[in-house]
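[1] Build me a structure from this.
(chains A, B and C)
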Amino acid sequence: MLNYTLGHYGYWFTLVLMMLGLYGMLLKNNLVKKLIGMTIFQVSIILFYVCSAVKWGGKVPVLDPVIGAADPSKYINPIQHTLMLTAIVVGVATTGVAFALVISIYKRYKTLDEVVLLERMKNDNDAD
Amino acid sequence: MIKRDENPILALGGRVISPFIMLFALYVIFHGHYSPGGGFQGGTMLAAAVLLVRLSAGSDMGELQFKKSWGTYLGAVGVLIYFGTGLVAMLWGGNYLNYEYLPLSFPANENRAWGILSIEIGVGLAVMGILAAIYDDLVEGEPNAWNA
Amino acid sequence: MKIVNYLILIVFGALLVYGSAWLPERGNPNEPLDRELSYAGTPGAAYYYIKNAKKDAYTDNMVTVILADYRGYDTLGEETVIFTAGLCCYLLLRQRRVNHDKKG
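    Purely as a prediction, here's the structure:
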């Protein structure tokens, strides 16, 4: 039981962040608050991947001339770090596009609240 | 944005610090081989240097450093450099993006190191151009962002 | 309507905590992720990359070698995604000139 907790407690903190992000996306009515929840969710996924790439007594994955490359259990796993490098920048670009869409919605419907927005869209469709 | 008064201290501080951030970002890109760093990290720091002047001294001062219309052009140039390295490798006989066939006169090891460097430069330029272009698009039409 | 959202949140959270019992133990170097041979007999990726990065590409930093050399094609895709996102912002928001009417 203690071994299980020591091996898995890092994942539980990441799950708490994920649940906070999902709470913001599902249960808030303002569009900008939903976007903030989406950003928190993305960051929690990045943290989850980087959390799983650790070894006891391991070192940063840059080759050390003293240790050498003969024993790969002395360096932590570099694959997860590589995948998450691009994920960070893609997250920023996606948030930029999401805000551009929110600005376009505000210019057209003059509101940022989800319930009022759905009413106005329905009235638009019924009036056509 | 809320209209704020002119802040000469913020404007001066941003204008003085921004070239040093760009210099450090160039160091991070070129030393991606020997220490943590590389294209994405350096490109984001270059974009931060450009955005600092726009946020602290207004977009009018930012136009003097980095014009608004250069953003998407730099993004396209960065992607072209990346594609171009792959095509050069293909035209000289190898597979696409196989750097051992680049026309440089080094042993096969170092050819791959030079291929990695040229890709990182392309990625850095593309990320800087696109992040600056996204900020300029979001701020378009706001009269208060233009003269701080 | 809100009660359905709350239920979704709680059920999803419970499922994730239950499913995280089978995740690899953090820190153990004998996990199937880091072995020399995977379960199917093929060479394990992380073992190969750490051993052969300096020999193949004359570079100390293993993360850069994986990003730009062993998996360079994926980085090309990611850069195209960033460029497409920038282009989408440009098309949505830049106010372009009004077209003049063409005389027939």
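
[2] low-scoring pLDDT stretches of the chain, where are they?
    Since no chain was named, I'll use chain A. Chain A contains no residues with pLDDT under 70.

[3] try chain C instead
    Scanning chain C residue by residue, the ranges that satisfy pLDDT under 70 are C:96-104.

[4] quick one, helices of it?
    Per DSSP state H, chain C carries helices over the ranges C:2-19, C:45-57, C:62-65, C:72-93.

[5] With respect to residue B:139, which of the ones you listed lies nearest?
    Smallest distance to residue B:139 across the helices of chain C (Cβ to Cβ): 9.5 Å, for helix C:72-93. The C-beta positions use only the backbone N, C-alpha and C, and glycine is treated the same way.

[6] Which strands and helices lie in contact with the closest one?
    Here helix C:72-93 touches helix A:79-109, helix B:70-91, helix B:108-139, going by 3 or more Cβ pairs under 8 Å, 6 or more residues apart in numbering or on different chains; DSSP states H and E.

[7] And the contacts of it?
    Applying Cβ atoms under 8 Å, 6 or more residues apart in numbering or on different chains, the contact partners of helix C:72-93 are A:86, A:89-90, A:93-94, A:96-97, A:100-101, A:103-104, B:71-72, B:75-76, B:78-79, B:82-83, B:86, B:97, B:119, B:122-123, B:126-127, B:129-130, B:133-134, B:137-138, B:140, C:67-68.

[8] that older thread, for residue B:64, which of the helices of chain C is the nearest?
    Closest among these, using Cβ to Cβ: helix C:72-93, at 21.9 Å.

[9] hang on, isn't residue A:89 packed against residue B:38?
    No: using Cβ atoms under 8 Å, residue A:89 makes no contact with residue B:38, being 11.5 Å away.

[10] and chain C, which of its residues are near chain B?
    C:55-61, C:63-65, C:67-69, C:72-73, C:75-76, C:79-80, C:82-83, C:85-87, C:89-90, C:92-95 (Cβ under 8 Å from any Cβ of the partner chain).

[11] Return the most buried member of the helices of chain C.
    Burial of the helices of chain C is given as mean neighbour count (mean count of other Cβ atoms under 10 Å in any protein chain shown); helix C:62-65 ranks first at a mean of 27.

[12] what does that helix contact?
    A:61-63, A:75, A:78, A:81-82, A:85, B:32-33, B:36-38, B:116, B:120, C:49-50, C:53, C:56-57, C:59.

[13] Figure out how far that helix is from the centre of its chain.
    How far helix C:62-65 lies from its chain's middle: 15 Å, per Cα atoms, centre = their mean, to the nearest Å.

[14] Got a ChimeraX select line for the buried ones in the contacts of helix C:72-93?
    Of those, the buried ones go into a single ChimeraX selection, burial set by 16 or more other Cβ atoms under 10 Å in any protein chain shown:
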select /A:86,89,90,93,94,96,97,100,103 /B:71,72,75,76,78,79,82,83,86,97,119,122,123,126,127,129,130,133,134,137,138,140 /C:67,68
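
[15] Restricting to C-alpha, output stretch B:11-25 in PDB.
    Coordinates of each C-alpha in stretch B:11-25 appear next as PDB, following Å, rounded to 0.1, in the frame of the first residue of the first chain:
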ATOM      1  CA  ALA B  11       8.100  52.800 -21.700                       C
ATOM      2  CA  LEU B  12      11.800  53.500 -21.100                       C
ATOM      3  CA  GLY B  13      12.300  50.200 -19.300                       C
ATOM      4  CA  GLY B  14      10.700  48.100 -21.900                       C
ATOM      5  CA  ARG B  15      12.600  49.700 -24.700                       C
ATOM      6  CA  VAL B  16      16.000  49.300 -23.000                       C
ATOM      7  CA  ILE B  17      15.500  45.600 -21.900                       C
ATOM      8  CA  SER B  18      14.100  44.300 -25.200                       C
ATOM      9  CA  PRO B  19      17.300  44.000 -27.200                       C
ATOM     10  CA  PHE B  20      19.000  42.000 -24.300                       C
ATOM     11  CA  ILE B  21      16.100  39.500 -24.300                       C
ATOM     12  CA  MET B  22      16.500  39.100 -28.100                       C
ATOM     13  CA  LEU B  23      20.300  38.400 -27.600                       C
ATOM     14  CA  PHE B  24      19.700  35.800 -24.900                       C
ATOM     15  CA  ALA B  25      17.000  34.200 -27.100                       C
END
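
[16] Tell me which residue lies nearest the centroid of chain B.
    Taking Cα atoms, centre = their mean, the centroid of chain B lies closest to residue B:128, which sits 2.9 Å from it.
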